[in-house]
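*Asks:* Quick one: sequence plus predicted model below, questions after.
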Amino acid sequence: MIPTEKQAIEILKKYIKGKANLEHNLIVGYGMKGISKFLGKKEDEQNRFFVIGTLHDIDLEKYNGNIKNHCVVGEEILNKENIDKEIIRTIKTHNEILGIKKEKEEDHLLFSIDGLSGIIRAYVLMRPDRDITQAKLKSIKKKLKDKGFAANVSREEIYYAPDLLKIERDKFIEAVLEEVKNNMDFRE
Ligand SMILES: [Fe+2]
Ligand SMILES: [Fe+2]
């Protein structure tokens, strides 16, 4: 089945308890929704993109640190939750160690938005007010250029999907950022 947004968040919260992990999954969920809107997808597709992002790291607190198990444990969880097989396949493609070829638009986008989410979250947490509504495209771009900022986040990964799909990098970042801004609050 393909859960609604609300159901997807409920499923996420069953398996993810840490604040940072919850926020990470949700940023990717809203980011995926944002880019699907930008691409002119219909509402059911927007919902599907949201679900992919929101559930992509469902096993973050369950795979016991061995990266080879990441998304394999996730697949077990998502099967138990009766999640659509095609959504599970897309989710599995984001762990490159598993060697599953990225084929569809959403496979590529998930990979890059996963990376971009790291920059967005690090940026918001760095602000004393933690107010994401103050995050501008310009500020995110500046941080992307600063290699010392969130240095573990691969810039190559972030630009991979927009470049491949011929989406302007700025438009890509903006579409992701806007949807996160409209739905998330990091101040609490
Ligand atoms: Fe992951
Ligand atoms: Fe992730």
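*Replies:* Looks like it came in fine. Ligands and ions are numbered 1, 2, ... in the order given.

*Asks:* does ligand 2 sit close to stretch 69-82?
*Replies:* No - Stretch 69-82 is not in contact with ligand 2 by C-beta under 5 Å from the ion; minimum separation 9.1 Å. For glycine as for every other residue, the C-beta is placed from the backbone atoms N, C-alpha and C.

*Asks:* Please state the offset of that stretch from the chain centre?
*Replies:* Relative to its chain's centre, stretch 69-82 lies at 17 Å (C-alpha atoms, centre = their mean, to the nearest Å).

*Asks:* cool, and stretch 104-124?
*Replies:* For stretch 104-124, the distance to the chain centre is 5 Å (C-alpha atoms, centre = their mean).

*Asks:* Let's test this: mean pLDDT of it, rounded?
*Replies:* The average of the pLDDT scores along stretch 104-124 is 98.

*Asks:* Do me a favour and get the backbone dihedrals for I119.
*Replies:* Phi and psi for I119, reported as degrees, to the nearest 10, are phi -70, psi -40.

*Asks:* What number of neighbouring residues does the residue lying closest to L109 once chain neighbours are set aside come out with?
*Replies:* Spatial nearest neighbour of L109, chain neighbours left out: A161 (4.9 Å); criterion: C-beta to C-beta, 6 or more residues apart in numbering. Here the count is done by other C-beta atoms under 10 Å, and A161 has 24 residues near it.

*Asks:* Give me every residue in this protein lying close to ligand 2.
*Replies:* So the chain meets ligand 2 at 57, 114 (C-beta under 5 Å from the ion).

*Asks:* Would you enumerate the residues in contact with the residue positioned nearest the centre of the chain?
*Replies:* For the chain, the residue nearest the mean C-alpha position is V28 (2.0 Å; C-alpha atoms, centre = their mean). By C-beta atoms under 8 Å, 6 or more residues apart in numbering, V28 lies in contact with 53-54, 56-57, 110, 113-114, 117.

*Asks:* what do you get for D57?
*Replies:* Contacts of D57 (C-beta under 8 Å, 6+ apart): 16, 21, 24-25, 28, 70, 74.

*Asks:* What about these, which are in helices?
*Replies:* Counting by DSSP state H, these place 21, 24-25, 28, 74 in helices.

*Asks:* pLDDT value on the residue of the chain positioned farthest from its centre, please?
*Replies:* Distance to the chain centre peaks in the chain at P128, reaching 24.0 Å (criterion: C-alpha atoms, centre = their mean). Listed pLDDT for P128 reads 95.

*Asks:* what about it, which SS state?
*Replies:* coil (DSSP: H, G, I helix; E, B strand; the rest coil).

*Asks:* Going forward, the N-terminal residue is numbered 45.
*Replies:* Got it, first residue is 45 now, which makes that one P172.

*Asks:* Can you give me the distance of it to R231?
*Replies:* Note on P172: its distance to R231, by C-beta to C-beta, to the nearest Å, is 11 Å.

*Asks:* Perfect, that will be all.
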